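Undergrad: How does the following fold in three dimensions:
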Amino acid sequence: MLMANTYSQIYIHAIFAVKYREALLDKKWRSQLFKIIGALINEMNAQSIIVNGVEDHVHCLFRLRPAISISSVMKNAKAKSSQWINKSNFLEHRFEWQRGFSAFSYSQSQVEKIKQYIRNQETHHRSASFLEENKEFLKKFNVDFKDEYLFKELI
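TA: Numbering: from 1, shown residues only. Reported below is the predicted structural model:
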């Protein structure tokens, strides 16, 4: 829903992982998956800027409209992209994303820098794991977290 006289510029960098952080996103079909995730973000009336990642997690940068929640965008992108992976029979078992996600906001002046960071995921992850990277973001943005709960499945 659009509201008259509502103006915004909200940039969100969201990160989410494969369940148990397994290295399942194969290079053969990963770029196709990222295009689909971008389209699913757009489907929610957000504006996908870049989607990229490596075998165990995904980074998305998108512009968010004030009438939409980050959780709604992520729920749609994760649910429908996992359905696509499962219907495509890329894996011998059922694919799932880890519960939850991390999300950080940026100003327009930072967009190019974060786009470059997301674009260079493979290079970045030669020296840092997903958990190290995620902790770094959480600390940088002063987000309280407990190591024992960081991207762990609750039983």
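Undergrad: Show me the shaky parts of the chain.
TA: Scanning the chain for pLDDT under 70 picks out the ranges 1-3, 148-155.
Undergrad: where along it do the helices fall?
TA: 27-43, 70-87, 111-119, 121-124, 130-140 (DSSP state H).
Undergrad: For residue 6, give its distance to residue 67.
TA: 8 Å (C-beta to C-beta, to the nearest Å). C-beta here means a position set from N, CA and C on the backbone, and glycine is covered the same way.
Undergrad: Export the helices of the chain as JSON lines, with columns for distance to residue 14 and mean neighbour count.
TA: Below are the helices of the chain laid out as JSON lines (distance: least, C-beta to C-beta, whole Å; neighbours: other C-beta atoms under 10 Å):
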{"stretch": "helix 27-43", "distance to residue 14": "9", "mean neighbour count": "16"}
{"stretch": "helix 70-87", "distance to residue 14": "6", "mean neighbour count": "17"}
{"stretch": "helix 111-119", "distance to residue 14": "10", "mean neighbour count": "15"}
{"stretch": "helix 121-124", "distance to residue 14": "14", "mean neighbour count": "12"}
{"stretch": "helix 130-140", "distance to residue 14": "11", "mean neighbour count": "15"}
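Undergrad: any chance of the ones you listed in a markdown table, with distance to residue 11 too?
TA: Formatted as a markdown table, these follow (distance: least, C-beta to C-beta, whole Å):
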| stretch | distance to residue 11 |
| --- | --- |
| helix 27-43 | 12 |
| helix 70-87 | 11 |
| helix 111-119 | 6 |
| helix 121-124 | 18 |
| helix 130-140 | 14 |
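Undergrad: Residue 19: which of those is closest?
TA: helix 70-87 (9.2 Å; C-beta to C-beta).
Undergrad: Tell me how far that closest one lies from the chain's centre.
TA: 10 Å (C-alpha atoms, centre = their mean, to the nearest Å).
Undergrad: which helices and strands sit right next to it?
TA: Applying 3 or more C-beta pairs under 8 Å, 6 or more residues apart in numbering; DSSP states H and E, one finds that helix 70-87 contacts strand 10-17, helix 27-43, strand 57-64.
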